[in-house]
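Visitor: Would you be able to build a 3D model of this:
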Amino acid sequence: MHTIRIAGHRGSMADFPENTLASFQAAIDCGADMIETDIHMTSDRQLVLIHDHRVDRTTDGTGLVRDMTLGEIKKLDAGSHLDSRFAGAAVPTLEEWLDLVKDNRALQFNFELKDYPQDCGLAICHESVDRTMALIRSFGLEDRCVINSFSAHILEYVDRKYDHAFKLHGFYPYRLMSGQERDPSEYLYCACIFDETPCPRKTWFDTLLSRSIEPWLGSAVRAKADFAQAIQYGCRLFTTNEPARAIRILQELGVR
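Guide: Numbers count the residues shown, from 1 in each chain. Coordinates of the predicted model:
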């Protein structure tokens, strides 16, 4: 039996404002193996951790991340829109987050790159990717991270420019990824499967495993029976909004 890992989706977002330092720390404290987070670049070329292209849903502000400076982003409240207890939570930079956990040698990272070429153009897309890769390398995290995107163009760019140095995370079925020029099976390390049910069809797991691609599942998996079925099919990692709860379920299943 392979070790079944748990990744905190934007930290522990069921209990804390997503993609905040408090959310990440909560996921670490409960024993998550990996933290999944999302990267956008600001207008002054700083990398911030926020999921949406706009700040509207997750902060008290409005506008596109790429049109705002870091100073403007830092003035936003990323917590009070959820609960007054979280008032004052800030949107962190990638560097702030990595500096905070630089001494945690066991922690792994899932970096989802969100500056898609169809939204911001090739030049901004590639600059955002390159700045991210440079920062990851400056912290020595190449071997402890996966680079994730719904843009196959971004994944292919990373694979080509960085000479296959990074583990790449895609999505299955592959039609979920935009801008494909190559067969994703040529470069993917893992793929998160999406289906109409929390635990997708076994044949999709079989297809990925036959290509030596790790099958992962996302936050739709919540029921113990779905965890058990997915593990039987060959799932290697669950990305979850509730890492503490997921870890308890895996312990009950005897795989943790």
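Visitor: for the longest strand seen in the chain, packing partners?
Guide: Secondary structure of the chain per DSSP state E: the longest strand is strand 34-41. Here strand 34-41 touches strand 5-9, helix 21-29, strand 47-49, helix 94-101, strand 108-113, helix 122-138, strand 237-240, going by 3 or more CB pairs under 8 Å, 6 or more residues apart in numbering; DSSP states H and E. Quick note: C-beta positions are derived from backbone N, CA and C, even for glycine.
Visitor: quick one: contacts of the fourth one?
Guide: Which is helix 94-101. 21, 24, 28, 35, 37, 39, 47-49, 107, 132, 135-136, 139, 141 (CB atoms under 8 Å, 6 or more residues apart in numbering).
Visitor: what angle separates that helix from helix 21-29?
Guide: Here helix 94-101 points in a direction 40 degrees away from that of helix 21-29 (axes from the mean of the first three to the mean of the last three CA atoms, to 10 degrees).
Visitor: Tell me the most packed of the contacts of helix 94-101, by neighbour count.
Guide: Counting neighbours by other CB atoms under 10 Å, Ile35 leads these with 29 neighbours.
Visitor: from the contacts of helix 94-101, which is closest to Cys199?
Guide: When the contacts of helix 94-101 are compared for distance to Cys199 (CB to CB), Ile35 comes out closest, at 23.6 Å.
Visitor: list the contacts for that closest one?
Guide: By CB under 8 Å, 6+ apart, the contact list for Ile35 reads Ala7, Gly8, Gly11, Phe24, Ala27, Ile28, Val101, Leu107, Gln108, Phe109, Asn110.
Visitor: One more: Ile6?
Guide: Applying CB under 8 Å, 6+ apart, the residues near Ile6 are Gly31, Ala32, Asp33, Met34, Leu237, Phe238, Thr240, Pro243, Ala246, Ile247, Leu250.
Visitor: buried sites along stretch 120-130?
Guide: Judged by neighbour count using 16 or more other CB atoms under 10 Å, the buried positions of stretch 120-130 are Cys120, Ile124, Cys125, His126, Ser128, Val129.
Visitor: And the contacts of Ile6, which is closest to Lys161?
Guide: Using CB to CB, Met34 comes nearest to Lys161 of those, at 24.2 Å.
Visitor: Test my guess that that closest one contacts Ala7.
Guide: Yes. With contacts counted by CB atoms under 8 Å, Met34 reaches Ala7, the gap being 3.8 Å.
Visitor: Tell me which of the two has more neighbours.
Guide: More crowded of Met34 and Ala7, by other CB under 10 Å: Ala7, with 26 against 21.
Visitor: ok, what's across the strand from that one?
Guide: Note on Ala7: beta-bridge partners Met34, Thr239, judged by DSSP bridges.
Visitor: What of Cys145?
Guide: Beta-bridge partners, per DSSP bridges, of Cys145: Phe109.
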